[in-house]
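Q: for reference, the sequence and a predicted model appear below.
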Amino acid sequence: MGYSKRTELDAMRDMLVVGAGYVGLSAAVAVKQAAPHLQVTVVEAAPEGVWQKDMRASAIIAAATKMLDVFGVWNEIEPTAQPINRMIVTDSKTSDPVRPVFLTFDGESDDGQPFAHMVPNVSLVRALRGACERLGIEIRHGLGATGLKTEDTHAEVTLSDGSTIDARLVVACDGVRSHVRDLAGIKTVSWDYGQSGIVVTVEHERPHNGCAEEHFLPAGPFAILPLKDNRSSLVWTETTGDANRLVRSDDLIFEEELERRFGHRLGALKVIGERRAFPLGLTLARAFVAPRLALAGDAAHGIHPISGQGLNLGFKDVAALAETIVDADRLGLDIGSINILERYQAWRRFDTFRMGVTTDVLNRMFSNDIAPIRIARDFGLGIVDRLPGLKSFFIGQAAGTTAKDNPRLLAGQTI
């Protein structure tokens, strides 16, 4: 049964989340868990059950696992999660018979925990949906946002079935091509790298021992990320034309090209499931908030996967936004007021911009075969490898545990 336009107070939602991915579900759980009296609804354009077909996996940093633990879901996710115990970085040409290792990282953060885990997307979404159910958060599928009207006290969102939902605050978590962001008139700064990331899962004969590998090749990084049961998730960057050609090629050609990059140290390889290519670019929203609206996750920022921080930036958004909203509610303030939302924007905007610039520079620096640049970057990697203190700093940054302005959830504390 669809919602019609409402005027009654009890029909008003406190928060409407558009998008039922990891970021949207996490935002709903974070706010509802800390403030159970708030009415939270999630709408999702995709049909029910589509999430169960996602065979990909994501890197979850240590700070994010602390937040998931506060939600009460990490114990459900952890049995399917593969800790990253070590990471190595190489820089070579695709044809080089030997790939020298320029940088190695042990995989522990300051508290002795793995700095990251590889988590199947299905496990993550299932656990968050379970938390939503326990907290009484309504999730409605097959409903995209087609209209947005802002009033003094609330926003009215029109859905694809013609119904409307009124909410004091709308949180857009509907991806890098966010329709809600467009409806709000928020512009972006964006460019295309001319690259695509091929995402595929492989099975191999020998164990990876929890070691992640980042091979910098002329076309872009080739990342090998460990999964449970002698499997690895690959993020393989090529020019968009080559990536599309490889994805469409027959199994023999694809696996031959894969082995040239992967090598033979883990034995014979077998591709599991489908292979897909995703265009890579940088997208930064010019504003993270508007009256009655906040952007989070890819709706606010889409970055190159070279650092593995895209999803984790979204989790940082969730933690900061939830803390801002709940603190305001406890003071009796309007959670959708622009003055409150600007606190969230100030908290997250610089960190996001810095990460976007960092990944952009890294991608441009390492996705080429220009000899002087190669010599300089390899020298830099070698210097870092010889300075334990600097390596520990980078691990802490990657784990998200050393940031001075971390929201409470990312420190494992309740709001």
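A: Yep, that arrived. As the structure is a computational prediction, the values presented were derived from the model and not from experiment.
Q: show me where the stretch 301-415 of the chain has its helices.
A: 310-330, 338-366, 371-385, 388-399 (DSSP state H, counting those that start in this stretch).
Q: quick one, which of those is packed in tightest?
A: Greatest average neighbour count among the helices of the stretch 301-415 of the chain goes to helix 310-330 (a mean of 24), per mean count of other CB atoms under 10 Å. C-beta here means a position set from N, CA and C on the backbone, and glycine is covered the same way.
Q: wait, what's in contact with Ala212?
A: By CB atoms under 8 Å, 6 or more residues apart in numbering, Ala212 lies in contact with 84, 86-88, 107, 223-226.
Q: surely it is within a strand?
A: Yes. Ala212: assigned to a strand according to DSSP: H, G, I helix; E, B strand; the rest coil.
Q: beta partners for it?
A: Met87 (DSSP bridges).
Q: that older thread, closest to Phe366 among the contacts of Ala212?
A: Distance to Phe366 across the contacts of Ala212 (CB to CB) is lowest for Ala223, with 11.8 Å.
Q: for the closest one, pull up the helix or strand it's in.
A: Following DSSP states H and E, the helix or strand that holds Ala223 is strand 220-227.
Q: what comes into contact with the following helix or strand past that strand?
A: Going down the chain from strand 220-227, the next helix or strand is strand 231-239, by DSSP H and E. For strand 231-239, the external contacting residues (CB under 8 Å, 6+ apart) are 56-57, 118, 194-204, 208, 217, 219-227, 243, 246, 258, 261-262, 266, 272, 280, 305-306, 367.
Q: strand 220-227 and the helix or strand hosting Leu246, what's the angle between them?
A: Using DSSP H and E, Leu246 sits within helix 240-248. Angle, helix 240-248 to strand 220-227, by axes from the mean of the first three to the mean of the last three CA atoms, to 10 degrees: 40 degrees.
Q: what residues of whichever helix or strand comes after helix 240-248 count as buried?
A: Remark: after helix 240-248, the chain's next helix or strand is helix 251-262, criterion DSSP H and E. For helix 251-262, burial by neighbour count (16 or more other CB atoms under 10 Å) applies to 254-255, 257-258, 261-262.
Q: pick the one among the contacts of Ala212 closest to Ile415.
A: Closest approach to Ile415 among these (CB to CB): Ile84, at 28.0 Å.
Q: and for that closest one, the neighbour number?
A: Neighbour count of Ile84, defined by other CB atoms under 10 Å: 25.
Q: try the one 5 residues further on
A: The number of residues packed near Val89 is 19, by other CB under 10 Å.
Q: how much space separates the closest residue to it other than its chain neighbours from Leu169?
A: Setting aside the residues directly before and after it, Val89 is nearest to Leu103 in space (CB to CB, 6 or more residues apart in numbering), at 4.0 Å. Leu103 sits at a distance of 43 Å from Leu169 (criterion: CB to CB, to the nearest Å).
Q: so which strand or helix has the closest residue in space to Gly412 that isn't next to it in sequence?
A: Nearest-residue entry for Gly412: Lys66, 3.6 Å, with adjacent residues in sequence omitted and distances by CB to CB, 6+ apart. In this assignment (DSSP H and E), Lys66 forms part of helix 62-70.
Q: residue nearest the centroid of the chain?
A: Leu311 (1.0 Å; CA atoms, centre = their mean).
Q: which element, helix or strand, includes the residue nearest to Val89?
A: Short version, using DSSP H and E: Leu103 is in strand 101-106.
Q: which neighbouring elements make contact with that strand?
A: Judged by 3 or more CB pairs under 8 Å, 6 or more residues apart in numbering; DSSP states H and E, strand 101-106 is in contact with strand 86-91, helix 371-385, helix 388-399.
Q: in its sheet, which strands sit next to it, and in what direction?
A: Partners of strand 101-106, by DSSP bridges, with direction: strand 86-91 (antiparallel).
Q: then the partner strand to CSV, C-alphas only?
A: Extracted in CSV, the C-alpha atoms of strand 86-91 (Å, rounded to 0.1, in the frame of the first residue of the first chain):
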residue,chain,number,x,y,z
ARG,A,86,50.3,-8.7,5.4
MET,A,87,50.5,-6.5,2.4
ILE,A,88,53.2,-6.2,-0.3
VAL,A,89,53.7,-3.6,-3.0
THR,A,90,55.5,-4.2,-6.3
ASP,A,91,56.2,-2.0,-9.3
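Q: burial check on the residue nearest to Glu76 when sequence neighbours are not counted, number of neighbours?
A: Once flanking residues are discounted, Glu76 sits nearest to Ala127: 4.6 Å by CB to CB, 6+ apart. Using other CB under 10 Å, the number of residues around Ala127 comes to 24.
Q: got the phi and psi for Ala127?
A: Per-residue torsions, Ala127: phi -70, psi -40 (degrees, to the nearest 10).
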